[in-house]
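J.: how would this look folded up:
(2 chains)
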Amino acid sequence: MAKLSRREFLIGAGGVAAGSLLAACGQPTAAPSPTQAPAQATSAPEPTDVPPTAAPEAAEATAVPTVAEEPVATGYTEAPMLAELVASGELPPIEERLPVEPIMVEPLGEIGQYGGSLRGLVPDPTGESPESDWLRGTALAMRSADLADIIPWVVKGWDLSDDQKELVVHMREGLRWSDGELLTTEDVQFWYEDTFLNTDLTPQVPIKWAPGGEPMKVVIDDDYTFRLQFAVSNPIIIDHLPTLNPWSPKHYMSQFHIKYNEDANEIAKSEGFEFWYESFQFHAQGAQFQQDADRPALDRWIYERQDNMGNRYYVRNPYYWVVDVEGKQLPYADYVERMSTENLEVMNAKVLSGDGTHHSWFLSLENYPLYKQNEAEGNYTVGLYPDLRAAEYGFCFNYTHKDPVLREIFNDIRWRKAMSHAIDRDEINELSFAGLGMPRQPIMDPTASFYEEGIDQYFIEFDVDLANELLDDMGLEWDANQQWRLRPDGGPLSLSFEFWSSKANVTQVSELIKGYWAKVGVDVTLKPEDQQFYQQRMQANEHTIGVWAIGGSSETYSRQNEPIRYRPPWHWPANSPLGGTEWHQWLTTNGEQGIEPPEEIKELWDIVAEWLLEPFGTDRYLELGREMLRINAENLWLIGTVGLVPRAAIVKNTVRNAPQPGQALSVETGMWNYYQPEQWWIEE
Amino acid sequence: MLKFIANRLLLFIPTLIAISIVTFVLIQLPPGDYVTSYLMELEQSGQEVTAELATALRQRYGLDDPMVIRFFKWIGNIVLRGDFGYSMQWNRPVGDLIWERIGWTVAISLATMLFTWLLAFPIGVYSATHQYSPLDYVFTLIGFLGQSVPNFLIALVFMWLGYKWFGLEIGGLFSEAYLEAPWSWPKFVDLLNHLWVPMVVLGTAGTAGLIRTLRANLLDEIRKPYVVTARAKGLPERRVIWKYPVRVAINPFISSTAYMLPGLISGATIVSVVLSLPTTGPMQLRALMSQDMYLAGSFLLILSSLTVLGTLVSDILLAWVDPRIRVSG
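T.: Below you'll find the model as predicted:
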């Protein structure tokens, strides 16, 4: 064989390199055009054709299953797999398993058939899955279909006293745990005295349950009535009820509690722990951490087992206390499965081949065309579902920056307006979000009850000249080359832009923003960082710009937890304070630590505090809400790019009574739980 | 020989101690801890993330103790109770987790290793004895392709081909239907159907190196005078090659056993992640990424110990096989 000379080799290698470079600079893939909701082959109601860039409407009362008013007159029926157990004597008959007045739910489409299993996929055996782990969920109350009311769920009802310091709660008679024992106030008392007040199990009571600084009191009236008492007037307790589960199965958990079992420490040691409370917590744990299949629960499906791949199996709760309007005990589906893969690509491949019944959490918009292509083969329907996230990418300047010059610049409203006007949001929308989002500031989504049209459009126009004008107005002069602006003290105006680099679109949008700001003379150095390191920097008030995805912004979330997006530091202060950390310090320590914030912030803080004390729905509530949004919009402390980007979601064609494309699917309404999975059924 | 072994065993203990300290410290070095990444997940699921929750969690997992105390607790538990600690991600004891996956990991690694050796050995000898023949080039080409194309790429391609041509389910060791079923002949066939992908992928990468090394060493040996003498004396060609030069050329195979032991346990992490295999590799990767202290630390400790042990074993094997090493001490 002829020997290859050195020259020939170098030419050949160069040719290969050039060829691959050319190939890499090929055409970028065209953005998928927004699709209409596909026609459904099922008898489910008409999917609403929502153009992706419009604001989502509040879910109509008929769009999600509703709780029926009148109790069922005739008898109940149950799933075949339970009927077998009743016949063999392992389970008591259905009349003895349901409470005296079970909840009746009107299914979304039609009455379902029993059987089948709902199956979600996860790309990480240890992660949580809204498609499976969350489907079980129950709480004392839940939000109504139009998000405006809190309706009783596990309990029958409640009365708030006139001074709003006491809430009397009425439980459902005859409601049982998944092992057949009655749920009574004994379990409530156990929860209150032995877990809530026990400092080993609850080292610190969350502020939510300790209004006025004092933990709430629980007073037992009788077997099915108890009272929550607060130190101060607390009308927001109603909004917190969907997150409250004030009971623990005493007949089971007491064996792990030192007060009731003096051998609890030995039990703990035999399980590999040191103290009884570690073992107690292990057994009490829920979500994807639950390992104890014997622990009674009130959920739709109860945990059965987990194999070493991270697959989890849930089976129907034979004592579930909800029926449909014909008296059939819910849920229709017998099982819920969570199948895990080790990485996202394999999970996507399984989704495409038709595995799993419903997906959304782990799907990405970039793959939407791929999902669409495989619809026929996988026998599913993929669609776009509005999400309520205020912005996919929002940022704060650090208003309490250690550098006083930067601090002064950031606190000038002209600076923030200029930086906002310099951003080309339409381009970001096209490049990063396939044109499916809406350019807007990260204000609440339009389903909020006090939303004003246009409140999200302040300072949003892409106007480089206006931006330059504002910066010139501020006195930030250009340097000799007319390339970069200078700080008031003479140095070049250069900002360090740290961001968390794991999410693809964060990196992309940050790079785009660097380009936009360069045009108005602001030099930005991008620094992608590991997420935890970034959080540490923010907590230590060492960052310059704090960027994050702005979820947790809806009215529901803000009332149920905290309005984190509408007061400094515009995120959870413990985790990742985006801006104004020191203001937050000052406000929460009453001036002892931190830096005193400007008047607008103090005003905002007071308004938010008052809004939280106001009962939901009153005129004053709406007024304060509007004020809260207005102050944020006008002062632009949190700047956004594109929001209301819909979510891609896939539902198999064999699953009925499930949400349709165009209906809101958001973590802020509990994702799939909002559509009551107990009334989904699988057509064989 | 005995002195040699005794010496090495004595060094074993201090090496292990040093390794355990270093691995534990290294895992704690990056900022944040498991609670930080857990809070992040909570926040994404729309739940509130307060300072009290963070403190409570840190207390619960013992993360607020200083590092020295945590280290001694961990080592103490391992040495005294055989308890490797608790995995915060999985909410289960580390020992259980590792033990569950070791079975499959060792099985797959052994299968791959057998495949590699069975392929590499004869091909290597053939390549050397028929140097520059067409088949020699073919084998070399395939070997180098397997070596240079990234493992996970080959794995993905094969996985997709398996799905497209044979209708096999994507990823994993078993199809859905056989996952929970008891052992039977169809289940075994299903396993083989899935197993060929990791075996071939990992095998082809391994064979290239072994083939070339064996080939090179054997070529050196074949030129030596004693081979010429043997041929001249009339020994059949097969005996000439196999009885003498090949035995010398096996040396590199034996020294590669040093990496065999830890390789058996950790099992080709990236390919396992890609193919979604129930082995320890993906679990280890995930533990390191989320700073699941005890799981990651235990893995590193086990792997390091096995590496040291493997080196010892391979040294002994080599000394036994090759008298030259024994004599030189």
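J.: Please make it C-alpha for all contacts and neighbour counts, starting now.
T.: Noted.
J.: show me the contacts for residue A:569.
T.: Contacts here follow Cα atoms under 8 Å, 6 or more residues apart in numbering or on different chains; on that basis residue A:569 touches A:577-581, A:583-584.
J.: for the chain, which spans come out with low pLDDT?
T.: Picking chain A for this. Residue ranges of chain A with pLDDT under 70: A:1-5, A:7-64, A:69-74, A:504.
J.: Let me rephrase: I mean chain B.
T.: Chain B contains residues with pLDDT under 70 at B:1, B:45-46, B:170, B:257-258, B:260-261, B:264-267, B:326-329.
J.: Report the central residue of it.
T.: Geometric centre of chain B, nearest residue: residue B:263, 1.9 Å, by Cα atoms, centre = their mean.
J.: ok, back up a step: the contacts of residue A:569 in helices, which ones?
T.: A:581, A:583-584 (DSSP state H).
J.: Counting neighbours, which of those residues comes out on top?
T.: Most neighbours among these, by other Cα atoms under 10 Å in any protein chain shown: residue A:584, with 26 neighbours.
J.: Name the nearest residue to it, sequence neighbours excluded.
T.: residue A:568 (5.9 Å; Cα to Cα, 6 or more residues apart in numbering or on different chains).
J.: got TSV for the ones in helices among the contacts of residue A:569, with distance to residue A:350 too?
T.: As requested, the ones in helices among the contacts of residue A:569 are exported to TSV (distance: Cα to Cα, whole Å):
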residue	distance to residue A:350
A:581	44
A:583	48
A:584	46
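J.: Could you pull up phi and psi at residue B:12?
T.: Per-residue torsions, residue B:12: phi -60, psi -50 (degrees, to the nearest 10).
J.: And the closest residue in space to it that isn't next to it in sequence, how far from residue B:18?
T.: Once flanking residues are discounted, residue B:12 sits nearest to residue B:308: 7.2 Å by Cα to Cα, 6+ apart. Note on residue B:308: its distance to residue B:18, by Cα to Cα, to the nearest Å, is 12 Å.
J.: neighbour-wise, which of these two wins?
T.: residue B:308 (22 against 10).
J.: I'd like to know how many residues surround the nearest residue to residue B:98 once chain neighbours are set aside.
T.: Nearest residue to residue B:98 in three dimensions, chain neighbours excluded: residue B:280, at 6.8 Å (Cα to Cα, 6+ apart). Look at residue B:280: counted by other Cα under 10 Å, it has 27 neighbours.
J.: my guess is residue B:280 contacts residue B:101, does it?
T.: Yes: counting by Cα atoms under 8 Å, residue B:280 touches residue B:101, with 5.8 Å between them.
J.: Got the phi and psi for the residue in the stretch 1-150 of chain A positioned nearest to chain B?
T.: Closest to chain B within the stretch 1-150 of chain A is residue A:126: 5.9 Å, counting by Cα to the nearest Cα. The phi and psi values for residue A:126, taken as degrees, to the nearest 10, are phi -100, psi 0.
J.: Distance of it relative to residue A:338?
T.: Counting by Cα to Cα, the gap from residue A:126 to residue A:338 is 11 Å.
J.: and what of residue B:213?
T.: Per Cα to Cα, residue B:213 is found 47 Å from residue A:338.
J.: Between those two, point out the one with more neighbours.
T.: Neighbour totals were compared for residue B:213 and residue A:338, and residue A:338 leads with 24 against 19 (other Cα under 10 Å).
J.: element containing that one?
T.: In this structure, residue A:338 sits in strand A:335-340 according to DSSP states H and E.
J.: which helices and strands does that strand pack with?
T.: Applying 3 or more Cα pairs under 8 Å, 6 or more residues apart in numbering or on different chains; DSSP states H and E, we find strand A:335-340 packed against strand A:117-122, strand A:312-316.
J.: Run me through the strand neighbours of it, direction for each.
T.: Strand A:335-340 sits in its sheet next to strand A:117-122 (parallel), strand A:312-316 (antiparallel), going by DSSP bridges.
J.: which outside residues touch it?
T.: Outside of strand A:335-340, the residues within contact range by Cα under 8 Å, 6+ apart are A:116-125, A:129, A:131-133, A:301, A:309-316, A:347.
J.: so the residue in the stretch 301-450 of chain A positioned nearest to chain B, which of the three states?
T.: At 4.9 Å from chain B, residue A:342 is the closest residue in the stretch 301-450 of chain A, using Cα to the nearest Cα. Look at residue A:342: counting by DSSP: H, G, I helix; E, B strand; the rest coil, its state is coil.
J.: Tell me which residues touch the closest residue to it other than its chain neighbours, please.
T.: Excluding the flanking residues, the one nearest residue A:342 by Cα to Cα, 6+ apart is residue B:276, at 4.9 Å. Going by Cα under 8 Å, 6+ apart, residue B:276 touches A:341-343, A:346, B:171-172.
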